[in-house]
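Enquirer: pasting the structure only:
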């Protein structure tokens, strides 16, 4: 059974930092592309989720949305089956539910339940 469990969200002031974690199980983590997406308040449809960052080739390659490049960093620990997202220089526009996703060797997609990040003074 595939599981993706996010943690690390919370309330942070503008300019602050957070580190999100996503613990994975039930598939071959090291061979899977791992990504983070986010869904801002008021966006109800899954199609409105915004790509944030991806980690490919076991972590050798990464990709970022322009809005977070230079502020967010995706990393992974294949020994722990965990992917991380370090968020820095946060602004209120970063407020969203952050989702961890996986695409396995068979191109099957899995999603976690999400973790809330709120940036507010």
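Expert: Structure received. In this text the structure is predicted, and so the values were computed from the model without any measurement. Numbers count the residues shown, from 1 in each chain.

Enquirer: tell me, what residue is most central in this structure?
Expert: In the chain, the residue lying closest to the centroid (Cα atoms, centre = their mean) is residue 36, at 2.7 Å.

Enquirer: could you point out which element follows the helix or strand in which that residue is found?
Expert: If you go by DSSP states H and E, residue 36 is part of strand 33-39. For strand 33-39, the following helix or strand on the C-terminal side (DSSP H and E) is strand 50-56.

Enquirer: Give me the helices and strands touching that next one, please.
Expert: In terms of contacts (3 or more Cβ pairs under 8 Å, 6 or more residues apart in numbering; DSSP states H and E), strand 50-56 is packed against strand 33-39, strand 61-64, strand 72-77, strand 82-87. Quick note: C-beta positions are derived from backbone N, CA and C, even for glycine.

Enquirer: The closest residue to the residue nearest to the centre of the chain other than its chain neighbours: neighbouring residues, count only.
Expert: Closest residue to residue 36 apart from its sequence neighbours, by Cβ to Cβ, 6 or more residues apart in numbering: residue 52 at 4.3 Å. Residue 52 has 24 neighbouring residues, counting by other Cβ atoms under 10 Å.

Enquirer: Quick check: pLDDT value at residue 52.
Expert: Predicted confidence (pLDDT) at residue 52: the value is 98.

Enquirer: measure it to residue 39 for me?
Expert: 10 Å (Cβ to Cβ, to the nearest Å).

Enquirer: Off-centre distance for the strand holding residue 36?
Expert: On the basis of Cα atoms, centre = their mean, to the nearest Å, strand 33-39 sits 4 Å off its chain's mean C-alpha point.
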